[in-house]
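[1] no sequence on hand, only this structure:
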């Protein structure tokens, strides 16, 4: 791997690391999601510093070039992130439905109690 490419990878990962840390400080991202990206950046940094690891992984997997191995790793990582976020969104959707139903039930009970009180005050 060319030294220029390794330097560019290192600069980009450091910039992204600062971005995620600033997002965490501003509380625009939760720690658990931020850690996923920080560990991914750590992996990219390891491959940038030690490109022979990517060569060894490529030969182990029987992939012709290390670039294809890197693409495979990126695609697998992004697929896992998408699946994880889909699970989170599904859970939040279920919680929102339950919360909406509970609010509707509470509002109905409140309306019933209001009607009873108004009838009792009219009877007196």
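    Arrived safely. Keep in mind it's a predicted model, so treat the numbers as computed, not measured.

[2] the helix or strand residue 97 falls within packs against which elements?
    With elements taken from DSSP states H and E, the one containing residue 97 is helix 66-123. Secondary-structure packing of helix 66-123 (3 or more Cβ pairs under 8 Å, 6 or more residues apart in numbering; DSSP states H and E): helix 31-49, helix 51-61. The way it works is simple: take the backbone N, C-alpha and C, and place the C-beta from them, glycine included.

[3] next one: it to chain centre, how far?
    Put simply, helix 66-123 sits 17 Å off its chain's centre (Cα atoms, centre = their mean, to the nearest Å).

[4] and the angle from it to helix 31-49?
    Put simply, helix 66-123 runs at 170 degrees to helix 31-49, going by axes from the mean of the first three to the mean of the last three Cα atoms, to 10 degrees.

[5] run a quick neighbour tally on residue 69.
    21 (other Cβ atoms under 10 Å).

[6] state the distance from it to residue 10.
    19 Å (Cβ to Cβ, to the nearest Å).

[7] repeat for residue 68
    Using Cβ to Cβ, residue 68 is found at 22 Å from residue 10.

[8] what do you get for residue 25?
    Counting by Cβ to Cβ - residue 25 and residue 10 are separated by 23 Å.
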